[in-house]
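>>> test case, fold it:
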Amino acid sequence: MRPPARPATTASRTILTAAVVAVIGWAGVVAIGAQLGSTSTARLGFDFQLLLHAGRDVAAGRSPYSPDLIAGGAPTATELFYSYPPPIAQALAPVSWLPDLVALVLWDLLAAGGLLLVAELLRRRLAPERASVVVLAVMLAAAPLTPPFAVGLLFGNLDVFFPLLYGAMLLAVLDPAPRRAVAAGAALALASLKLHPASMGLWFLVRAIRHRAPGAWRAVLTAGVVGIVVVVASIVLGGVGPWQDYAAVVRAGTTAAIVDPRNAGPAAILAAALSGGDAMARLIHLGVGVAAVLITILAAWRPGDPLEGFAWATAASLCTLPVTWYHYPSALLPIAIASWLRAGGTPAASQVRWLLVAAMVVGAVAIAALPLLWAAIALVILAARRSRPVVAAATTAASPARPAPGVG
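Here you go, the predicted model:
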């Protein structure tokens, strides 16, 4: 019988395989980017250009918002316009002098670096016995093959920082250290500039009340403080004018057309399937929004695995608004990483890996069949459930011993 491979040999093979896959994957992303950049419509980094140009407007003393929107014009859901709060444009103003392509590359490198940082911190918490180089090599290989994240990099979406921000929140759930809770609160406040991730604050709040988790309270309080500081700093830098313009843009956005084949929002998908219009979609979204809030509360209220609860709350946060773009599920990458890490060396390891691979494949197919995006999200949640250590379910309530990784 052939002897089993030594750990060092297995690690070397994993690194080599991951390196080959990473080179192929990132070469594919670069090739697609080059093709997008060479088209007449110049789709490469189009979302980031909105952010960067808004920064240039702020640097020039202009409002970053479209005059038509400020005047109350109703946009479509897919119309390209800057609609984020003023602090994002103000934060980009100092670097807005950079050429678009250079700025996009730096933006993407920072986002990829944030993903790798979260992976390394999760490794230290959940699988310290694994070599850092192995985990980072696997992440470098998986990132370009995770379609929502890869698409986000190509378009320069703000969501490419969701792995970092949601990852910081997840680390506070898995690690009781006060510094993690403070980082989670800051991440929650920054992510909430996109509005829909604000529902994660509800998850932390309910968790703090129900389970009396000090870390959850710290995260909520820190988020409030950071949010206030960001708004005050924004007003000090630019006055109240940009915020008044933003309020007008938000009002205009409430009448936007949302039924579109590129909108993965459940209400938009269902309205389109029923041959309905925007009025039907808005009506359906009332129920979707209520369901998202209830899922968030229930995920925090129920005792059990906090990783799975966080996964449900994250999925719910993607549909609190009527519009859900394809790149939003990048927020689930930290959950996928945590599930893979804590399942390592357990009987569930193989199943978790295949669930995550299936999520990537289904996510890729969802480019052509958008409703499948929610199936890919469901597979990640299932991977989180399957990765839960069996010992945690049996001993957490009865034993005062140190909790298993990912359960404390």
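
>>> and the closest residue to F149 other than its chain neighbours, what does it touch?
Leaving aside its chain neighbours, F149 sits nearest to S330 (4.6 Å; criterion: Cβ to Cβ, 6 or more residues apart in numbering). For glycine as for every other residue, the C-beta is placed from the backbone atoms N, C-alpha and C. Contact analysis of S330 by Cβ atoms under 8 Å, 6 or more residues apart in numbering lists T146, P148, F149, G152, D159, V160, F162, P163.

>>> can you give me the distance of S330 to L318?
Distance from S330 to L318, counting by Cβ to Cβ, to the nearest Å: 10 Å.

>>> my guess is A119 contacts V135. True?
Yes: taking contacts as Cβ atoms under 8 Å, A119 lies within contact range of V135: 5.8 Å.

>>> more crowded one of the two?
Higher neighbour count among A119 and V135: A119, with 26 against 23, using other Cβ atoms under 10 Å.

>>> and the helix or strand harbouring Q351, what does it pack onto?
Using DSSP states H and E, the secondary-structure element containing Q351 is helix 349-365. Packing partners of helix 349-365 (3 or more Cβ pairs under 8 Å, 6 or more residues apart in numbering; DSSP states H and E): helix 147-155, helix 333-343, helix 372-386.

>>> need these in JSON lines with mean pLDDT and mean neighbour count, can you?
Shown next, in JSON lines, are these (pLDDT from 0 to 100; neighbours: other Cβ atoms under 10 Å):
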{"stretch": "helix 147-155", "mean pLDDT": "95", "mean neighbour count": "25"}
{"stretch": "helix 333-343", "mean pLDDT": "97", "mean neighbour count": "27"}
{"stretch": "helix 372-386", "mean pLDDT": "97", "mean neighbour count": "21"}
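
>>> okay, these in a markdown table with distance to M139 next?
Listed next are those as a markdown table, based on distance: least, Cβ to Cβ, whole Å:
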| stretch | distance to M139 |
| --- | --- |
| helix 147-155 | 11 |
| helix 333-343 | 7 |
| helix 372-386 | 15 |
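
>>> nearest to R62, of the ones you listed?
Set against R62 and scored by Cβ to Cβ, the helices and strands packed on helix 349-365 come closest in helix 147-155, at 24.3 Å.

>>> show me the contact partners of that closest one.
For helix 147-155, the external contacting residues (Cβ under 8 Å, 6+ apart) are 29, 32-33, 36, 43-48, 108, 111-112, 115, 143-144, 157, 159-160, 163, 326-330, 333, 360, 363-364, 366-367, 373.

>>> again with stretch 377-390
305, 307-308, 311-312, 315, 318, 329, 332, 335-336, 338-340, 342-343, 346, 348, 351-352, 355-356, 358-359, 362, 404-407.

>>> which residues touch the residue sitting nearest the centre point of the chain?
Centroid-nearest residue in the chain: A331, 2.0 Å away (criterion: Cα atoms, centre = their mean). Taking Cβ under 8 Å, 6+ apart, we find A331 in contact with D159, F162, P163, L165, Y166, P197, T314, S317, L318.

>>> ok, R207 next?
Listed by Cβ under 8 Å, 6+ apart, the contact set of R207 reads A213, A216, A300, P306, G309.

>>> so which of those residues sit within helices?
A216, A300, P306, G309 (DSSP state H).

>>> find the nearest non-adjacent residue to the third one, please.
Spatial nearest neighbour of P306, excluding adjacent residues (Cβ to Cβ, 6+ apart): V173 at 4.8 Å.

>>> same question for the last one.
Taking Cβ to Cβ, 6+ apart as the measure, G309 lies nearest to A299, with 4.3 Å between them; neighbours along the chain are not counted.

>>> same question, the second one
By the measure of Cβ to Cβ, 6+ apart, the closest residue to A300 outside its immediate chain neighbours is V206, 3.7 Å from it.

>>> part of a helix, is that neighbour?
Yes: counting by DSSP: H, G, I helix; E, B strand; the rest coil, V206 is part of a helix.

>>> quick one: it and L294 touch, right?
No: taking contacts as Cβ under 8 Å, V206 lies outside contact range of L294: 11.0 Å.

>>> ok, those two, which is more surrounded?
Shown here are V206 and L294; by other Cβ under 10 Å, V206 has more neighbours (20 against 11).

>>> buried residues in the lengthiest helix in the chain?
Using DSSP H to define each element, the chain has its longest helix at helix 7-38. Buried residues in helix 7-38, counted by 16 or more other Cβ atoms under 10 Å: A11, T14, I15, A18, V21, A22, G25, W26, V29, I32, G33, L36.

>>> how close does the third one sit to V138?
Taking Cβ to Cβ as the measure, I15 falls 9 Å from V138.

>>> with the second one instead?
With distances defined as Cβ to Cβ, the gap from T14 to V138 amounts to 7 Å.

>>> ok, L36 next?
For L36, the distance to V138 equals 27 Å [Cβ to Cβ].

>>> likewise for D278?
43 Å.

>>> contact partners for A112?
Applying Cβ under 8 Å, 6+ apart, the residues contacting A112 are A143, L153.

>>> go with 10 Å
For A112, the contacting residues are W26, M139, L140, A143, P144, F149, L153, V160, P163, L164, by Cβ atoms under 10 Å, 6 or more residues apart in numbering.

>>> with C319 instead?
Neighbours of C319 in contact, by Cβ under 10 Å, 6+ apart: 196, 199, 264-268, 285, 288-289, 291-292, 295, 328, 374, 377.

>>> could you do A247 as well?
Residues near A247 by Cβ under 10 Å, 6+ apart: I70, V240.

>>> which secondary structure element of this protein has the lowest mean pLDDT?
Lowest mean confidence among the helices and strands of the chain (mean pLDDT, DSSP states H and E): helix 390-395, at a mean of 50.

>>> where do the strands sit along the stretch 101-250 of the chain?
Under the criterion DSSP state E, counting those that start in this stretch, strands are not mapped anywhere in the stretch 101-250 of the chain.

>>> can you pull out the helices in it?
132-142, 147-155, 162-174, 178-191, 199-211, 214-238, 241-253 (DSSP state H, counting those that start in this stretch).

>>> of all those helices, which one is nearest L52?
helix 147-155 (12.8 Å).

>>> alpha carbons only: can I get that closest one in PDB?
Taking C-alpha atoms only, helix 147-155 is exported to PDB below (Å, rounded to 0.1, in the frame of the first residue of the first chain):
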ATOM      1  CA  PRO A 147     -17.500  35.600 -10.200                       C
ATOM      2  CA  PRO A 148     -19.100  38.400  -8.100                       C
ATOM      3  CA  PHE A 149     -15.700  39.400  -6.700                       C
ATOM      4  CA  ALA A 150     -14.000  39.200 -10.200                       C
ATOM      5  CA  VAL A 151     -16.800  41.200 -11.800                       C
ATOM      6  CA  GLY A 152     -16.600  43.800  -9.000                       C
ATOM      7  CA  LEU A 153     -12.800  44.200  -9.700                       C
ATOM      8  CA  LEU A 154     -13.400  44.600 -13.400                       C
ATOM      9  CA  PHE A 155     -16.100  47.200 -12.900                       C
END
